[in-house]
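**Q** Would you be able to build a 3D model of this:
(one chain, ligands or ions: 1)
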Amino acid sequence: MATIGHNNLNAKLVLLGDMGAGKSSLVLRFVKGQFLEFQESTIGAAFFSQTLAVNDATVKFEIWDTAGQERYHSLAPMYYRGAAAAIIVYDITSQDSFTRAKKWVQELQKQGNPNMVMAFAGNKADLEDKRQVTADEARVYAEENGLFFMETSAKTAANVNDIFYEIAKRLPRAQPAQNPAGMVLVDRPAEGSRGAASCCS
Ligand SMILES: Nc1nc2c(ncn2[C@@H]2O[C@H](COP(=O)(O)OP(=O)(O)OP(=O)(O)O)[C@@H](O)[C@H]2O)c(=O)[nH]1
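**A** Alright, predicted model coming up:
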């Protein structure tokens, strides 16, 4: 969920997509400005955080980078449950990864937070000569499903900060802080003083 207080917003964000699509690479590029040609496959999930300034507010993303291997699929709800935003990633050089990404969208539409901001990222845009998924095909799909679409490259950094920035701008701002410390403090008059004119300014 996104929580807000004094113009500071905390937002849980999850990355989903086929193995090898470039989820970890996008996060590594966004959080550390790095890219590894041989990025290791994620086991389970990995957590990162990064803060962005957007207009007069700051958004602290709490990022869950999930593992794309099928054997980890059953863990995914733990990471997307309660998320304010998701980036569904496919690899523009792989039709299979595009098909897999659409399955993730369906799953989020059925089981995710209904107000979730969803971004659809066609990654590896630097590999134009190996392209299997056209930008038009993905854009039409994204529009039909209420997602916003960008092609990205974790390798060249194209559109990487932009996709997080776009998400930050789209997060709903009207929500009051939701017990950030997990505790509810109620300012209740002491027993016996109720109704008395003894209170309290
Ligand atoms: N050319 C190119 N290669 C990329 C890009 N993004 C990722 N890669 C490469 O693709 C491979 C897989 O990237 P990862 O970031 O591990 O993919 P992932 O989606 O996190 O994979 P899992 O952890 O298995 O789910 C790595 O060798 C990366 O170097 C990109 O934008 N361009």
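
**Q** Contact residues of the protein facing the ligand?
**A** Taking CB under 6 Å from any ligand atom, the part of the chain that reaches the ligand is made up of 17, 19-25, 36-39, 41-42, 67-69, 123-124, 126-127, 153-155. Where C-beta positions appear, they are placed from N, C-alpha and C, glycine not excepted.

**Q** Please indicate which of the residues you listed are buried?
**A** Burial by neighbour count, 16 or more other CB atoms under 10 Å: within the residues of the chain next to the ligand this picks out 17, 19-25, 42, 67-68, 123-124, 126, 153-155.

**Q** In helices, which of those appear?
**A** If you go by DSSP state H, these have Lys23, Ser24, Ser25 in helices.

**Q** how about the residue positioned nearest the centre of the chain, what does it touch?
**A** Most central in the chain under CA atoms, centre = their mean is Leu13, positioned 2.8 Å from the mean C-alpha point. Neighbouring residues of Leu13 by CB atoms under 8 Å, 6 or more residues apart in numbering: Phe61, Glu62, Ile63, Trp64, Ala83, Ala84, Ala85, Ala86, Ile87, Phe164, Ile167.

**Q** go again using 10 Å as the cut-off
**A** With contact taken as CB atoms under 10 Å, 6 or more residues apart in numbering, Leu13 is in contact with 2, 27, 48-50, 59, 61-65, 79-80, 83-87, 116-117, 119, 164, 167-168, 171.

**Q** gap between it and Thr93?
**A** 25 Å (CB to CB, to the nearest Å).

**Q** related to what we said a few turns ago, so of the contacts of Leu13, which ones are in helices?
**A** Among those, the members falling in helices (DSSP H) are Val27, Tyr79, Tyr80, Phe164, Ile167, Ala168.

**Q** can I get these in a markdown table with neighbour count?
**A** Shown next, in a markdown table, are the ones in helices among the contacts of Leu13 (neighbours: other CB atoms under 10 Å):
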| residue | neighbour count |
| --- | --- |
| Val27 | 25 |
| Tyr79 | 23 |
| Tyr80 | 23 |
| Phe164 | 24 |
| Ile167 | 23 |
| Ala168 | 24 |
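
**Q** Between those residues, which sits nearest Val54?
**A** For Val54, the nearest member of the ones in helices among the contacts of Leu13 is Ala168. The distance, counting by CB to CB, is 4.5 Å.

**Q** Thank you, goodbye.
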